[in-house]
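> make a model of this:
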Amino acid sequence: MDLSEVNERGLVLLGCGKMGSALLEGWLKTGVRAEAVHVLEPNPSEWLKATGVHLNEGLPESPAMAVLAVKPQMMAEALPGLRALGGGGTVFVSIAAGTSLATLAAALGEGTPIVRTMPNTPAAVGRGITALIGNAWVTEAALRQAEALMAAVGETVLLQHEAQMDAVTGVSGSGPAYVFHLIEALAAAGAAQGLPEDMAMKLARATVCGAGELAFRSSESAAQLRVNVTSPGGTTAAALDILMNEADGLPPLLARAVRAATERSKELGR
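As a prediction, this is how the structure comes out:
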């Protein structure tokens with residue numbers, strides 16, 4: 001991130017709820033000066049008040065970046081206040097699900113560089129992943145700067161076209177909920193086999209979190225990691241015979257789930 005430009009011209013954050021707070025915390029840790037950040041948030045937390053940022057004090061004349069972190073249903077009400085920054089001087093970054101680049105451009109004005117992103121909730125612990133796509137007015141340098149902003153809370157990927165954002169929603173946007181439900185289901189299955197419920201939950205939570213960390217750190221593919229812990233004819237193989245069944249196992253189930261989330265994302269974006 002070109003911190004000199006951000007620190008010199010300023011960074012606007014519209015909305016500072018859970019995701020906005022995670023982003024702000026990441027930026028401050030990576031060298032963005034608190035006095036360079038201008039936050040507009042009607043219900044500021046005590047943490048936000050103590051950060052030293054400019055809070056509800058108006059906007060700098062021409063900030064380098066403006067991050068839109070309000071809920072999609074509040075976007076129409078919030079955007080007019082930022083229209084004065086539209087037109088090219090400020091790069092806008094939106095994390096609002098279902099709000100298209102065209103909708104944002106219509107509100108902010110012709111020629112406004114806008115980057116649409118889809119982060120996910122693990123950003124709250126610095127382990128999120130964000131997909132990004134820019135409109136026609138976003139330069140390569142501006143896209144890299146937006147990518148660096150979102151990298152403060154995890155990994156990033158660049159999309160080839162905006163239509164892919166619906167599938168991103170189905171995989172990583174909604175995906176944390178699938179994993180949380182996996183923990184629930186695994187714990188319930190353990191309890192059904194005679195474990196105390198609290199013990200089953202502890203085992204399930206630690207297993208999923210540990211396996212996720214192993215997958216994150218390892219250079220091996222997920223398939224190879226699975227093979228590594230599967231002895232022929234053993235207990236894991238017996239379980240995988242069920243989970244990997246092509247008819248009613250985990251792959252077709254997840255395919256249906258991701259398809260449903262993707263289609264719902266398309267509906268909400270219309």
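> name the element the residue lying farthest from the centre of the chain belongs to?
No residue in the chain sits farther from the centre than G233, which is 39.7 Å out by Cα atoms, centre = their mean. Secondary structure from DSSP states H and E places G233 outside every helix and strand.
> this protein: strands as residue ranges?
Taking DSSP state E, the strands of the chain run over residues 11-14, 37-40, 54-55, 65-68, 91-94, 114-118, 128-134, 154-158.
> list of residues touching the second one?
Spelled out, it's strand 37-40. Applying Cβ atoms under 8 Å, 6 or more residues apart in numbering, the contact partners of strand 37-40 are 10-16, 20, 24, 27-28, 48, 51, 53-60, 63, 81. Quick note: C-beta positions are derived from backbone N, CA and C, even for glycine.
> which among the residues you listed end up buried?
10-16, 20, 24, 27-28, 48, 51, 53-55, 59-60, 63 (16 or more other Cβ atoms under 10 Å).
> can you get me a residue count around T99?
Using other Cβ atoms under 10 Å, T99 is surrounded by 22 other residues.
> contacts only, for it.
So T99 contacts 72, 75, 116, 269 (Cβ under 8 Å, 6+ apart).
> next one: it from T117, what distance?
11 Å (Cβ to Cβ, to the nearest Å).
> now the phi/psi pair for the nearest residue to R9 once chain neighbours are set aside, please.
What sits nearest to R9 in space, not counting adjacent residues and going by Cβ to Cβ, 6 or more residues apart in numbering, is A64, at 4.2 Å. Note on A64: backbone dihedrals following degrees, to the nearest 10 are phi -70, psi -40.
> buried sites along the worst-scoring helix or strand of the chain on mean pLDDT?
Taking mean pLDDT, DSSP states H and E as the measure, the chain has helix 72-78 as its least confident helix or strand, at a mean of 81. Buried residues in helix 72-78, counted by 16+ other Cβ under 10 Å: 72, 75, 78.
> looking at those residues, which is nearest A36?
Using Cβ to Cβ, A78 comes nearest to A36 of the buried residues of helix 72-78, at 21.2 Å.
> export only the CA atoms of the least confident helix or strand of the chain, formatted as PDB.
Output in PDB follows, covering the C-alpha atoms of helix 72-78 (Å, rounded to 0.1, in the frame of the first residue of the first chain):
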ATOM      1  CA  PRO A  72     -26.500  -2.700   1.400                       C
ATOM      2  CA  GLN A  73     -29.900  -1.500   2.500                       C
ATOM      3  CA  MET A  74     -28.400   1.700   3.900                       C
ATOM      4  CA  MET A  75     -26.300   2.500   0.800                       C
ATOM      5  CA  ALA A  76     -28.900   4.500  -1.100                       C
ATOM      6  CA  GLU A  77     -29.200   6.900   1.900                       C
ATOM      7  CA  ALA A  78     -25.500   7.100   2.600                       C
END
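> now do that helix: distance to the chain's middle.
In terms of Cα atoms, centre = their mean, to the nearest Å, the centre of helix 72-78 is found 19 Å from the chain centre.
> ditto for stretch 182-192
27 Å.
> contacts only, for the residue positioned nearest the centre of the chain.
Nearest residue to the geometric centre of the chain (Cα atoms, centre = their mean): P119, 1.3 Å. Contacts of P119 were listed using Cβ under 8 Å, 6+ apart, and they are 19, 95, 128-130, 150, 153-154.
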